[in-house]
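# Dropping a prediction and its sequence here:
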Amino acid sequence: SQQGEEDPQALSIQEGENATMNCSYKTSINNLQWYRQNSGRGLVHLILIRSNEREKHSGRLRVTLDTSKKSSSLLITASRAADTASYFCATGQNYGGATNKLIFGTGTLLAVQP
Amino acid sequence: KAGVTQTPRYLIKTRGQQVTLSCSPISGHRSVSWYQQTPGQGLQFLFEYFSETQRNKGNFPGRFSGRQFSNSRSEMNVSTLELGDSALYLCASSAEPLAGGRETQYFGPGTRLLVL
C-alpha cells in the first residue's frame, strides 16, 4: 500500500499541553500537507510544507519535514478542547504530470480533555 | 465564497442498487477529486477531474465512475453496490492541478453511504 503511517494512532492530553503527532511516508514527495477532520466530517486544510522546507509555522501549529527519513511531525501547542479531532498527513507525489492526487496517512485521533 | 457542497449528505441503499453522488466545487475552481474513507482502508483516492477530463484514477473497480460537467460540478456513480462500499465519500476542489499536488484542496462535508 502507498498509504503513509501516523503515530500515535490515538493521543489523549489535557488542555494547555502540547500534542505531537508523526507521519511517515514511503516515496519521494514534492510536498506534505496536514489536514484535520472533526468527527467523520470533511477535511480542513491546516498547513502545507514543501520538500525543500524543513520547518513551517502557522499560529499554534508547527510542522517539520525530514525528507531523508521520509517523516514529518505536527506540533500543536497550548491545545484546546476544540482541537479534538483526527489529524491526517497527505503527500503529493510527482507523477510526471499535473495532478492533485494525495496519499493520506492513517491518521491520529487527538482527544483534548478540558 | 461558498465552500464545497456535496449532496446528498446521507444515503441508504441496498446491495445491487446504484447510487449517484454530486459535488459542487468552490466557485472558480475547475479541479475536483473524490476520495473514499472507510475505517479499514482509510482515505483512498478515487479519481480526479479537470476541465471535464479525468486526469487520474485510483485503484478501484470499474463499478466506480465519475464525470465532470462544463460548470465544474462533478458526479460519481457506483453501480451494483456491495456492502463494502459503505463509506464516507469526500469531494475536494482546487483551482487547478499542479505537478506534485502542490495545490491546496478544499474538502466538502462528504456523503455518508450505507449499503444494507
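On my side now, so go ahead. Numbers count the residues shown, from 1 in each chain, chains lettered A, B, ... in the order given.
# out of everything not next to it in sequence, what's closest to residue A:91?
Of all residues not flanking residue A:91 in the chain, residue A:29 sits nearest, at 4.5 Å (CB to CB, 6 or more residues apart in numbering or on different chains). C-beta coordinates here come from the backbone N, C-alpha and C atoms, glycine included.
# Please determine how far residue B:65 is located from residue B:49.
Residue B:65 sits 11 Å away from residue B:49, going by CB to CB, to the nearest Å.
# just the strands in chain A please.
Per DSSP state E, chain A carries strands over the ranges A:5-7, A:10-14, A:19-24, A:31-37, A:43-50, A:55-58, A:61-66, A:71-76, A:85-92, A:102-104, A:108-113.
# In this structure the residue nearest to residue A:91 contacts residue A:90, no?
No. Using CB atoms under 8 Å, residue A:29 is not in contact with residue A:90; the gap is 9.9 Å.
# neighbour-wise, which of the two wins?
Set residue A:29 next to residue A:90 and count neighbours by other CB atoms under 10 Å in any protein chain shown: residue A:90 wins out with 26 against 23.
# Pull the contacting residues for that one.
Residue A:90 makes contact with A:4, A:32, A:33, A:34, A:35, A:102, A:103, A:104, A:105, B:43 under the criterion CB atoms under 8 Å, 6 or more residues apart in numbering or on different chains.
# what's the answer for residue B:64, then?
For residue B:64, the contact set (CB under 8 Å, 6+ apart) comprises B:46, B:47, B:76, B:77, B:78.
# one more time with 7 Å
By CB atoms under 7 Å, 6 or more residues apart in numbering or on different chains, the contact set of residue B:64 is B:46, B:76, B:78.
# most neighbours, which of the contacts of residue A:90?
residue A:32 (30 neighbours).
# What confidence value was assigned to that residue?
We have a pLDDT of 90 for residue A:32.
# Distance of it relative to residue B:59?
Distance from residue A:32 to residue B:59, by CB to CB: 22 Å.
# what about residue B:113, which helix or strand?
Using DSSP states H and E, residue B:113 sits in strand B:111-115.
# Can you list the buried residues in that strand?
B:111, B:112, B:113, B:115 (16 or more other CB atoms under 10 Å in any protein chain shown).
# okay, these in a markdown table with pLDDT and distance to residue B:17 next?
Below are those laid out as a markdown table (pLDDT from 0 to 100; distance: CB to CB, whole Å):
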| residue | pLDDT | distance to residue B:17 |
| --- | --- | --- |
| B:111 | 97 | 15 |
| B:112 | 96 | 16 |
| B:113 | 98 | 11 |
| B:115 | 97 | 8 |
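# Closest to residue A:112 out of the residues you listed?
residue B:112 (25.1 Å; CB to CB).
# Check which residues of the least confident helix or strand in chain A by mean pLDDT are buried.
Every helix and strand of chain A was ranked by mean pLDDT, DSSP states H and E. The lowest is strand A:5-7, at a mean of 86. For strand A:5-7, burial by neighbour count (16+ other CB under 10 Å) applies to A:5, A:6.
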